[in-house]
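Participant: Generate a structure from the sequence data that follows.
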Amino acid sequence: MKKPVHNYSKASLPIKVLIVDDHAVMRTGLKFFLMAFEDLRLVGEASSGEEAVSLCQDLLQPDVILMDLMMPGINGAEATRRIIGRWPHIRIIVLTSFQEAELVQEALQAGATGYLLKNVSADDLAQAIRTVYAGRPTLAPEATQALIQATIQPPTPGQDLTPRELDVLTLMVKGKTNPDIAKELTIGLSTVKFHVSSILDKLGVSSRAEAAAVAWEHQLVDTPGAAAKRRNK
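Facilitator: So this is what the prediction gives:
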C-alpha cells in the first residue's frame, strides 16, 4: 500500500530535498530514506559546503536542505549562512552527530530552521522536513536541552578563545611583551596587538594582568592542571 501524500498549505509538492554530507554512506542512506515518502523528492546531493552553494544555483533552489555540520572547507554553518543570504526562502535542517549548545546556536544564527541529530528516526526526519517546509522550526530534544543548559549555566570565561589567541595568552601569562610574542609566534606586531585586544574583550578584562589572573583561575593556559582539564572536556 502506498503511503498517503500529506496535505500542506503549499501546493508545490513533492518537497524538493538536497542532501549535503561529506560521507558517501550517509548520503546513500538518506537517498533510500527519501524514496520511502511520496511527498519528498531528492533533487541533488553535495559532498561539501561549496558544492551545496553551487547546486542551489544550478538546481534553481531546493525547498529543503539536509545539511551536515562538520565538513572540510566550508562547514555546514557557513554554507547555511551563504545559502540563506542568497536564497532566504530555502529551509535548512542541520543534520549532525553533535549537540553542543555552541554549535546549535551557530547553526540557528546562520539561518537554519532545524537542528536534528543523525540518530533521528526516518518518520521523525520526514516530519521535520515537512515542518520546516511549512515555515516552522524544529529542534532535536537534545539540542533544545543543550540550549537550556547553556542559558542556565553561563559559559566559562575563555571558551570562545581561538587556538592562536590561546597561544598569545600563554605568552602573556609568562610576561612576554608584544614584540616578544610576535617574534616567538612568527607573526606581525599588529597581529599580536589585535589578538591581545580580542583576548581582553573576550575575557571581559581591561589589562594584561587581569587576563593572566583569569587564565590561571580557569586553567586556560598550560598550567599543571590545564591540559588534563581540556582533555576531559
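Participant: Just the CA coordinates for the longest helix along the chain, please, in PDB.
Facilitator: When the chain is parsed with DSSP state H, its longest helix is helix 189-203. C-alpha atoms of helix 189-203 as PDB (Å, rounded to 0.1, in the frame of the first residue of the first chain):
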ATOM      1  CA  LEU A 189      53.300  43.100  15.800                       C
ATOM      2  CA  SER A 190      50.000  44.500  14.600                       C
ATOM      3  CA  THR A 191      48.600  40.900  14.600                       C
ATOM      4  CA  VAL A 192      49.700  40.500  18.200                       C
ATOM      5  CA  LYS A 193      48.100  43.700  19.200                       C
ATOM      6  CA  PHE A 194      44.800  42.600  17.500                       C
ATOM      7  CA  HIS A 195      44.900  39.200  19.400                       C
ATOM      8  CA  VAL A 196      45.700  40.900  22.700                       C
ATOM      9  CA  SER A 197      42.800  43.300  22.300                       C
ATOM     10  CA  SER A 198      40.500  40.400  21.300                       C
ATOM     11  CA  ILE A 199      41.600  38.400  24.300                       C
ATOM     12  CA  LEU A 200      40.900  41.200  26.800                       C
ATOM     13  CA  ASP A 201      37.500  41.700  25.200                       C
ATOM     14  CA  LYS A 202      36.500  38.000  25.300                       C
ATOM     15  CA  LEU A 203      37.700  37.600  28.900                       C
END
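Participant: Show me what that helix packs onto, helices and strands only.
Facilitator: Packing partners of helix 189-203 (3 or more CB pairs under 8 Å, 6 or more residues apart in numbering; DSSP states H and E): helix 163-173, helix 178-185, helix 208-217. The way it works is simple: take the backbone N, C-alpha and C, and place the C-beta from them, glycine included.
Participant: Other residues contacting it?
Facilitator: Helix 189-203 is contacted from outside by 157-158, 160-161, 164-165, 168-169, 172, 178-179, 181-182, 185, 206-208, 210-211, 214-215, using CB atoms under 8 Å, 6 or more residues apart in numbering.
Participant: For ChimeraX, write a command that selects the buried ones of the residues you listed.
Facilitator: The following ChimeraX line selects those of the contacts of helix 189-203 that are buried, judged by 16 or more other CB atoms under 10 Å:
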select :157,158,161,165,168,169,172,178,181,182,185,208,211,214,215
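Participant: List the contacts of the residue lying closest to P88 once chain neighbours are set aside.
Facilitator: Once flanking residues are discounted, P88 sits nearest to G111: 7.7 Å by CB to CB, 6 or more residues apart in numbering. Each residue near G111 by CB under 8 Å, 6+ apart is listed here: T80, R81, I83, I84, G85, P88, I92.
Participant: Which of those sits closest to I19?
Facilitator: The shortest approach to I19 among the contacts of G111 belongs to I92, at 11.8 Å (CB to CB).
Participant: What's the local residue count around that closest one?
Facilitator: Neighbours of I92 under the rule other CB atoms under 10 Å: 28.
Participant: wait, doesn't it sit right on L116?
Facilitator: No - I92 is beyond contact range of L116, at 11.3 Å (criterion: CB atoms under 8 Å).
Participant: tell me the domain ranges of this structure?
Facilitator: Per automatic domain parsing, the domain ranges recorded for the chain read 15-152, 163-231.
Participant: Deepest-packed of the ones you listed, please.
Facilitator: domain 15-152 (a mean of 18; mean count of other CB atoms under 10 Å).
Participant: All the helices of the protein, in order from the start?
Facilitator: Using DSSP H, helices in the chain cover 24-35, 49-58, 76-86, 101-110, 122-133, 141-152, 163-173, 178-185, 189-203, 208-217, 226-231.
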